[in-house]
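[1] I'll drop the sequence and a predicted model, then ask my questions.
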Amino acid sequence: MEELKITTSDKTPAYQELVPQIQSLVFGEPSLVANLANTAAALRQAFGFFWVGFYLVENNELVLGPFQGTVACTRIAKGKGVCGAAWQNADTIIVPNVDEFQGHIACSSLSKSEIVVPIIVNNTVVGVLDVDSDRLNEFDERDAHGLETIVQILIPSFQ
Ligand code: SME
């Protein structure tokens, strides 16, 4: 693919346009790092999110993986922050206002709302996709659905 093409700012159709483009970016590419890196870039480019990236489970900790945005916390323990909670619960978490989420880990004071989607392979969380916005209430079910679909595309890269 030469260039990402998103023709709308409406979230549902934007995710619908993005999904096949991420599929073609990762199709046939066995490198996990390459696929996570391109997915983070595609999401940031498509939606202009403040921060998009992956944390991967390593020795029972989340460790920073490929991302787009400002420098971020490197390690997150299970149950800590939004990422650690999504890992522990093995479920997507939408945080409309990070200041109201107990235990939120502030990597940047500019981050106002957040969504974290766990990556589950063989019933085990192997990492999370974390997206931060500099606006309150950025994320809803459309993002949860779109990002969960994108995470599904990445599962074979982990196997
Ligand atoms: N806010 C996250 C930490 C990761 S950064 O936002 C990139 C959390 O509470 O888990």
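    In hand now; what should we look at?

[2] got the contact list for the residue nearest to Asn60 when sequence neighbours are not counted?
    Among residues not flanking Asn60 along the chain, Lys78 sits closest, at 6.7 Å (CB to CB, 6 or more residues apart in numbering). Glycine gets a C-beta too; all of them are placed from N, C-alpha and C. By CB atoms under 8 Å, 6 or more residues apart in numbering, the contact set of Lys78 is Asn60, Glu61, Leu62, Gly84, Trp87, Gln88.

[3] name the element the fourth one belongs to?
    With elements delineated by DSSP states H and E, Gly84 resides in helix 81-89, which encompasses its position.

[4] Could I get the buried residue list for that helix?
    Along helix 81-89, these residues count as buried under the neighbour rule (16 or more other CB atoms under 10 Å): Gly81, Val82, Cys83, Gly84, Ala85, Ala86, Trp87.

[5] filter the residues you listed down to the ones close to the ligand.
    Filtering those for proximity to the ligand by CB under 6 Å from any ligand atom leaves Gly81, Val82, Cys83.

[6] For the buried residues of helix 81-89, give me a markdown table that also has pLDDT.
    Formatted as a markdown table, these follow (pLDDT from 0 to 100):
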| residue | pLDDT |
| --- | --- |
| Gly81 | 97 |
| Val82 | 98 |
| Cys83 | 98 |
| Gly84 | 98 |
| Ala85 | 98 |
| Ala86 | 98 |
| Trp87 | 98 |
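
[7] circling back to that earlier point, over to the residue nearest to Asn60: give its phi and psi.
    For Lys78, the backbone dihedrals (degrees, to the nearest 10) come out as phi -60, psi 130.

[8] Could you list the residues in contact with stretch 30-49?
    Counting by CB under 8 Å, 6+ apart, 4, 6, 11, 14, 17-18, 21-22, 25-26, 29, 52-54, 65-69, 129, 131-133, 138, 147, 150, 153-154, 157-158 sit against stretch 30-49.

[9] Can you flag which of these belong to strands?
    Val52, Gly53, Phe54, Gly65, Pro66, Phe67, Gln68, Leu129, Val131, Asp132, Ser133 (DSSP state E).

[10] List just the nearest of the residues you listed to the ligand.
    Nearest to the ligand among these, counting by CB to the nearest ligand atom, is Asp132 at 4.8 Å.
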